[in-house]
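Student: For reference, the sequence and a predicted model appear below.
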Amino acid sequence: MATATGNPPVSPWNTFDQAFHSQPEALADLATTLPGRLDRHRESEVDRVVAFGIGASRAAAHVLVAGLTAGGVPCELLTGADFTAAQVRPGTMYLGISQSGRSVEIVRALSAVPADARMSVVNRVPSPVSDLTPRLLWLGGVADSRVSTVGYTATALAMALLAEHLTGGVNEARWRAFGERVAWVMRERRAAASRIAADLLGAGHIDVVSSGAGLAAAEGAALLFREGAAVPAASYDTRSYLHGFMDSAKPGSVHLIVNRGAEALLARQLADHGATVHLIGTGPIEYGGAGPLHQIALPGMTDAELSIAASVICQMVVQEACAAIGRRPEDPIFTRIDTKVETAA
């Protein structure tokens, strides 16, 4: 759908902070350009979508799953690692999501699908993934860090717009204003992020919980805390957490919850138990207990917007945590082996 003349150079120092601060402008630009790119490929009726994503791209894809499901289009999210040609079904769009365009699992999965059923969302072109897909939604080569920041939020934004595109049309005016809302979050919710970071470092672990589109923020945050701050973190969907995963909670354990409206019971129970709870939502919930329940309001946002904005707060948590322990989010821990397709570039 687009061609690129090359990717902008990125300094090896402070790329996390550079990518973080670029988000309001980058997301505003994408909200302006992506609807037109989608319109160039008006889809015939899509009965079903299978999305392939892994790592941060998989996390962002929960925004797509939630949007399509709400619009009546079944959507399945896979890593692609175990996908074979025997699983291909007619009337299905197979969507590969890869910021680098080089994820091994996505390349293998798309290769098992007929070309006319493939689509991709990538940040880097040309790439092995983009080369496989006649229908391409290109994010424009935004300059990102090793620990995905603007690359993640840009992918999540693309997921939201694609879901709207396939279920009735993109709300372009609202999304064009989203960059300003992200800038507001970055200005006004830094103190809340600092408090989460302090609790995270104090406990040495965190559980992140949500549902629907909020799962994107939860899964993305758990990965971000592990990669960026090198702190154990795990993500869960709300109903599964209520069914037993919450039972390890205790005074001093830390829980970050993105409230889509179904998480109030969980937040109250955890706080009453003495666990430290940080609740991000569009507005406060009623709580009369004495437990440590900290509420972070992001008013007036849709589920998809809330998820992306919550992810921005989590990026600030990593900045604050890394500043406190003298670590750079860019500092690698393991060498990635067998995760990317090698290219001549």
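Tutor: Structure received.
Student: Residue 266: which element?
Tutor: When elements are assigned from DSSP states H and E, residue 266 belongs to helix 264-272.
Student: What average pLDDT does that helix get?
Tutor: Averaged across helix 264-272, the pLDDT comes to 98.
Student: Give the other helices and strands that that helix contacts.
Tutor: For helix 264-272, the packing partners by 3 or more Cβ pairs under 8 Å, 6 or more residues apart in numbering; DSSP states H and E come out as helix 238-242, strand 254-259, strand 276-281, strand 293-297. (C-beta placed from N, C-alpha, C; glycine too.)
Student: List the buried residues of that helix.
Tutor: For helix 264-272, burial by neighbour count (16 or more other Cβ atoms under 10 Å) applies to 264, 266, 267, 268, 269, 270, 271.
Student: returning to what we had before: can you tell me which of the helices and strands packed on helix 264-272 is nearest to residue 314?
Tutor: strand 254-259 (7.6 Å; Cβ to Cβ).
Student: and the closest one, what does it pack onto?
Tutor: Looks like strand 254-259 contacts helix 190-203, strand 206-210, helix 214-229, helix 264-272, strand 276-281, helix 303-325 (3+ Cβ pairs under 8 Å, 6+ apart).
Student: got the end-to-end distance for stretch 68-81?
Tutor: This stretch, stretch 68-81, spans 23 Å end to end (Cα to Cα, to the nearest Å).
Student: where do the strands sit along the stretch 51-200 of the chain?
Tutor: Taking DSSP state E, counting those that start in this stretch, the strands of the stretch 51-200 of the chain run over residues 75-78, 92-98, 118-122, 135-138.
Student: Out of the ones you listed, the one nearest residue 307 is which?
Tutor: Of all these, strand 75-78 sits nearest to residue 307, with 14.5 Å by Cβ to Cβ.
Student: quick one: that closest one to chain centroid distance?
Tutor: Centroid separation for strand 75-78 versus its chain: 15 Å, with Cα atoms, centre = their mean, to the nearest Å.
Student: For it, which helices and strands make contact with it?
Tutor: Packing partners of strand 75-78 (3+ Cβ pairs under 8 Å, 6+ apart): strand 48-52, helix 56-70.
Student: Could you dump those into CSV and include distance to residue 17, mean pLDDT and mean neighbour count?
Tutor: Output for the helices and strands packed on strand 75-78, formatted as CSV (distance: least, Cβ to Cβ, whole Å; pLDDT from 0 to 100; neighbours: other Cβ atoms under 10 Å):
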stretch, distance to residue 17, mean pLDDT, mean neighbour count
strand 48-52, 30, 97, 23
helix 56-70, 18, 98, 25
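Student: could you list every residue that touches the most centrally placed residue in the chain?
Tutor: The centre of the chain sits closest to residue 60, judged by Cα atoms, centre = their mean, with a distance of 3.2 Å. Residue 60 is in contact with 53, 97, 152, 155, 156, 159, 216, 220, counting by Cβ atoms under 8 Å, 6 or more residues apart in numbering.
Student: switch the cut-off to 10 Å
Tutor: For residue 60, the contact set (Cβ atoms under 10 Å, 6 or more residues apart in numbering) comprises 51, 53, 97, 99, 121, 148, 151-160, 216-217, 219-220, 307-308, 311.
Student: For residue 203, see how far away it is.
Tutor: Applying Cβ to Cβ, to the nearest Å, the value for residue 60 to residue 203 is 27 Å.
Student: Tell me how many other residues crowd the closest residue to residue 122 other than its chain neighbours.
Tutor: Counting by Cβ to Cβ, 6 or more residues apart in numbering, residue 101 is the residue found nearest to residue 122 once chain neighbours are left out, at 4.1 Å. Residues lying near residue 101 (other Cβ atoms under 10 Å) number 27.
Student: Residue 101 reaches residue 137, doesn't it?
Tutor: No. Assessed by Cβ atoms under 10 Å, residue 101 is found out of contact with residue 137, at 11.8 Å.
Student: Which neighbours do these two have in common?
Tutor: With Cβ under 10 Å, 6+ apart, residue 101 and residue 137 have common neighbours 120, 121, 122, 130.
Student: show me what contacts the second one?
Tutor: Contact analysis of residue 121 by Cβ under 10 Å, 6+ apart lists 34, 51, 53, 57, 60-61, 64, 95-99, 101, 129-130, 133, 136-139, 154-155, 158-159, 161-162.
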